[in-house]
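> sharing a sequence plus its predicted fold:
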Amino acid sequence: MNKPDYAGNSILNLMSSIKNMLNANPEYPELKILENESFDDFENVVLIILDGFGHDYMMSKPNKSILHAYLKGKITSVYPTTTASAVTTFLTSLPPLRHGVTGWYLYLKEIGCLVASLLWKIRGSDNKIINKELSPSKVYTEKNIFKAINRESFLIYPDQIINSDFSTSMTEGSVKVPYHTIEDFFKAIKSTVGIKSLRKKFIFAYYTEFDSILHEYGSKSKTDEEHYQFFIKHLEKNIIPNENSDTVYIITADHGLIESTEDNVIKLSDHPELQKMLLMPLSCEPRNVFCYIKNGFNSVFEEYIKKHFSNSIELHKSIELLENGYFGNGVKHPNIKDRIGDYTLIMKDNFIMKDRIPGESESFKIGNHGGLSHNEMFVPLIIIK
């Protein structure tokens, strides 16, 4: 297993470095490989997050691109290696232990159900959560980076999610710039960099297409290859290194992916005995499963997992992962223990575990993440200036 390096080599530490360089006070150590860097003199600091663009994925591509030329190193994501946890870390400069977003599917004890954390929907439903007493702003309460730094801030986000409940509550203080296509994405960056402002600017740009394609088609597909080349073409056209530039581009990712086969899908429906032990459906991600166990079934649950899945699953008590710093360190989110279940099943090799509840279709995705493999955990850090 590859544990996040919160002591100085993770996306958490990257955000601490950015905050410190922009004259805000970080709560966690800065990124070691940036200790001799300074960004405050730049008029524009542009953070580009490529969803799903893992270090191993990047290194599998021809090494002639601008990304390879300006690669600073590899850093770890957070745990779990999921967009929900990592993007919240990018936005708050805090680890999952502190911000409390522990997976795509998150158990909220406050309303007694599993929710798709970034969509603010109940799992298995297309309906948004409507609860006047529990809005996203009351669940996602940590201060964001836009409020922490003394710069004019811009958020470049996909048009379909820029006004979502999560985005609205977590990005207050930024000017919203939606985009739809890859051309729009780079146009938005270029135009925002070019805005004349009385204050220096911080630009947070989030690009989703790598993750979408790798989930659906995998890294060896024609679709992925064409998209990768198309992206590099636009990147090299729009971001040109210049020693006299007033702009620095920091490019990284939230997580990588590992590719699975249908033979390596563990279906909960094939294990009715195991299903009977669970208090509720599975949460988090197919590569990292949080299990809530009925009272009195703990030992039976442990025995079943060890007997049937010794080659495919690492069994952990969730509280031990918490105490051993996998979610981070420092003051705990008040609801963190409620959101990680009694046990965590971390998949070995390229296995995934899936269940299905009413309202969900049967589906298989080639690319998956959430676990602790090298592919999922490490992301690149590219600095272009």
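Alright, I've got the coordinates.

> what's the nearest residue to Lys365 if we skip its chain neighbours?
His215 (4.6 Å; C-beta to C-beta, 6 or more residues apart in numbering). Heads up, the C-betas are built off the backbone N, CA and C, glycines and all.

> endpoints of stretch 238-250, how far apart?
14 Å (C-alpha to C-alpha, to the nearest Å).

> repeat that for stretch 59-70.
13 Å.

> before we move on, the earlier item: so which elements touch the host helix or strand of the residue nearest to Lys365?
In this structure, His215 sits in helix 209-216 according to DSSP states H and E. Other elements packing on helix 209-216 under the criterion 3 or more C-beta pairs under 8 Å, 6 or more residues apart in numbering; DSSP states H and E are helix 222-238, strand 367-368.

> the same query, at a cut-off of 6 Å, please.
Using 3 or more C-beta pairs under 6 Å, 6 or more residues apart in numbering; DSSP states H and E as the contact test, the elements touching helix 209-216 are helix 222-238.

> who are the packing partners of the helix it packs on?
Counting by 3+ C-beta pairs under 6 Å, 6+ apart, helix 222-238 packs on helix 182-193, helix 209-216.

> helix or strand for Ile48, which one?
Judged by DSSP H and E, Ile48 forms part of strand 44-50.

> give the pairing partners of that strand; include direction for each.
If you go by DSSP bridges, strand 44-50 pairs up with strand 201-207 (parallel), strand 247-252 (parallel).

> what residues does stretch 156-165 touch?
Defining contact as C-beta atoms under 6 Å, 6 or more residues apart in numbering, one finds that stretch 156-165 is touched by Trp120, Pro136, Ser167, Lys176, Val177, Pro178, His180, Ala188, Ala205, Tyr206, Thr208.

> ok, so of the residues you listed, who is nearest Ile129?
Trp120 (5.4 Å; C-beta to C-beta).

> can you show me the helices along the stretch 51-200 of the chain?
Along the stretch 51-200 of the chain, the segments classed as helices by DSSP state H, counting those that start in this stretch run 55-59, 66-69, 83-92, 96-99, 136-139, 145-148, 165-170, 182-193.

> confidence-wise, which of these is weakest overall?
Confidence, taken as mean pLDDT, is least for helix 136-139 of the helices of the stretch 51-200 of the chain (a mean of 78).

> still on that earlier bit, quick one, which of the strands paired with strand 44-50 is nearest to Gly73?
strand 247-252 (10.4 Å).

> could you point out the helix or strand that follows that closest one?
Sequence order places strand 258-259 as the next helix or strand after strand 247-252, per DSSP H and E.

> what's the average pLDDT for that following strand?
Averaging pLDDT along strand 258-259 gives 98.

> again with stretch 301-311
pLDDT averaged over stretch 301-311 gives 97.

> stretch 362-378 too?
96.

> got a list of what Ile11 touches?
Contacts of Ile11 were listed using C-beta under 6 Å, 6+ apart, and they are Ser77, Thr89.

> relative to Ser17, how far out is it?
Using C-beta to C-beta, to the nearest Å, Ile11 is found at 11 Å from Ser17.

> check the gap between the residue lying closest to Asn13 once chain neighbours are set aside and Gly341 for me.
Distances taken as C-beta to C-beta, 6+ apart place Leu31 nearest to Asn13, at 4.1 Å, with adjacent residues excluded. For Leu31, the distance to Gly341 (C-beta to C-beta) stands at 31 Å.

> name the helix or strand of the chain that has the lowest mean pLDDT.
Within the chain, no helix or strand scores below helix 136-139, which has a mean of 78 by mean pLDDT, DSSP states H and E.

> and that one, what does it pack against?
helix 165-170.

> how far does the helix it packs on sit from the chain's center?
With C-alpha atoms, centre = their mean, to the nearest Å as the basis, helix 165-170 stands 15 Å off its chain's centre.

> got the CA positions of that helix in PDB?
The C-alpha trace of helix 165-170 is given here as PDB (Å, rounded to 0.1, in the frame of the first residue of the first chain):
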ATOM      1  CA  ASP A 165     -24.600  22.900  -4.500                       C
ATOM      2  CA  PHE A 166     -21.100  21.700  -3.600                       C
ATOM      3  CA  SER A 167     -19.400  24.100  -5.900                       C
ATOM      4  CA  THR A 168     -21.500  27.000  -4.800                       C
ATOM      5  CA  SER A 169     -20.800  26.400  -1.100                       C
ATOM      6  CA  MET A 170     -17.100  25.600  -1.500                       C
END
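
> the residue nearest the centre of the chain - nearest residue in space that isn't next to it in sequence?
By C-alpha atoms, centre = their mean, the chain has its centre lying nearest to Thr83, at 2.4 Å. Nearest non-adjacent residue to Thr83, counting by C-beta to C-beta, 6+ apart: Asp254, 5.3 Å away.

> residues near the one you found, how many?
As a burial measure, Asp254 scores 28 neighbours (other C-beta atoms under 10 Å).

> quick check: it vs Thr208, distance?
Distance from Asp254 to Thr208, by C-beta to C-beta: 10 Å.

> next: Lys220.
20 Å.

> looking at these two, which one has more neighbours?
Counting neighbours by other C-beta under 10 Å for Lys220 and for Thr208 shows that Thr208 has the greater number, 18 against 10.
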